[in-house]
Each structure stands twice: as structure tokens, then as C-alpha cells.
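Chemist: got a sequence here, can you build the structure:
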Amino acid sequence: QVQLVESGGGLVQAGGSLRLSCAASEGTISSYVMGWFRQAPGKEREFVAGISRSGDARYYADSVRGRFTIDRDNAKNTVDLRMNSLKPEDTSVYYCAAKLGLMYQTHPADFSSWGQGTQVTVST
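Modeler: A predicted model of the protein is given here:
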């Protein structure tokens, strides 16, 4: 399994931007479909974005499509999530995750490796 570490969270005003990064501290990500999830207090963990092994296909939750962009660099062993036009409802802990097998699966149980999470807070 791959070990993942997120960074880049913080506090931002509504309408602002943040870039989250996920690096593999052990293992390589090139064999994995990669994804980002988020979890707000009292809510279930939800899918945000996913990217294929090669990076040529991406998929997004409806709530972030057009505002967030997922990208990967297999040579650097990293996955990024660029977040624009942030809204207060985007406030959550954001998690990087990896899975083998099929793309376009969005349930957390489909992903086998997880980072520790990074907090994103969007103020009004």
C-alpha cells in the first residue's frame, strides 16, 4: 500500500483559492487511481474528485465541478487539488486517497489508502 501525506490546508475567505497537495511518503502512486474526499463535522465523508492512473481522465462531484481541479505528477509522486471560488460550505477536512482497480467509484470504502487529512476553512 501507498502511504499518503496531505498539505496546503488553511483559512481563506469566501471567493478565494487554495491548493492542496498529496505526496506519497512510501510507495508510488502510478498504479493507483487517486482521489480527494472531504468530511465536515457531523457529516459523512464525501467524494470530491478523482483522477485516472495516467492523469488523462478526471471526475468530480457536482458540488465542486468547474471550481476544483485535480491533477497528478507520477514522476513526483504527487496529486494536487486546486480549489477556486471557495464557499463556506467547502469547509471540511480534506483527505487524499488511493485505490486499485476501476475508476469512477466514489464511495470511501472503494479506496484502500488514506492520508491523515488537512483542514480547509472558508470564512464569510
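
Chemist: so what's the residue nearest to the spatial centre of the chain closest to, chain neighbours aside?
Modeler: Closest to where the C-alpha atoms of the chain average out (Cα atoms, centre = their mean) is Trp36, at 2.1 Å. Spatially, and ignoring its direct neighbours in sequence, Trp36 is nearest to Val48 (4.4 Å; Cβ to Cβ, 6 or more residues apart in numbering). Where you see a C-beta, it was placed from the backbone N, CA and C, and this is true even at glycine.

Chemist: how near is the one you found to Val79?
Modeler: 12 Å (Cβ to Cβ, to the nearest Å).

Chemist: same question for Thr69.
Modeler: From Thr69 over to Val79 (counting by Cβ to Cβ), the distance is 11 Å.

Chemist: so those two - more neighbours on which side?
Modeler: Comparing Thr69 with Val79 by other Cβ atoms under 10 Å, the one with more neighbours is Val79, at 30 against 17.

Chemist: helices and strands around the host helix or strand of the more buried one, which ones?
Modeler: According to DSSP states H and E, Val79 maps onto strand 78-83. With contacts taken as 3 or more Cβ pairs under 8 Å, 6 or more residues apart in numbering; DSSP states H and E, strand 78-83 sits against strand 18-26, strand 33-39, strand 46-51, strand 68-73.

Chemist: in this structure the residue nearest to the centre of the chain contacts Leu81, no?
Modeler: Yes. Using Cβ atoms under 8 Å, Trp36 is in contact with Leu81, at 4.8 Å.

Chemist: which neighbours do those two share?
Modeler: With contacts defined as Cβ atoms under 8 Å, 6 or more residues apart in numbering, the residues shared by Trp36 and Leu81 are 20, 22, 48-49, 70, 94.

Chemist: ok, so of those, who is nearest Gly42?
Modeler: Using Cβ to Cβ, Tyr94 comes nearest to Gly42 of the shared contacts of Trp36 and Leu81, at 16.5 Å.

Chemist: so for that closest one, what's the pLDDT?
Modeler: We have a pLDDT of 98 for Tyr94.

Chemist: give me the neighbour count for it.
Modeler: Residues lying near Tyr94 (other Cβ under 10 Å) number 23.

Chemist: repeat that for the one 3 residues further on.
Modeler: As a burial measure, Ala97 scores 25 neighbours (other Cβ under 10 Å).

Chemist: many thanks, we can stop here.
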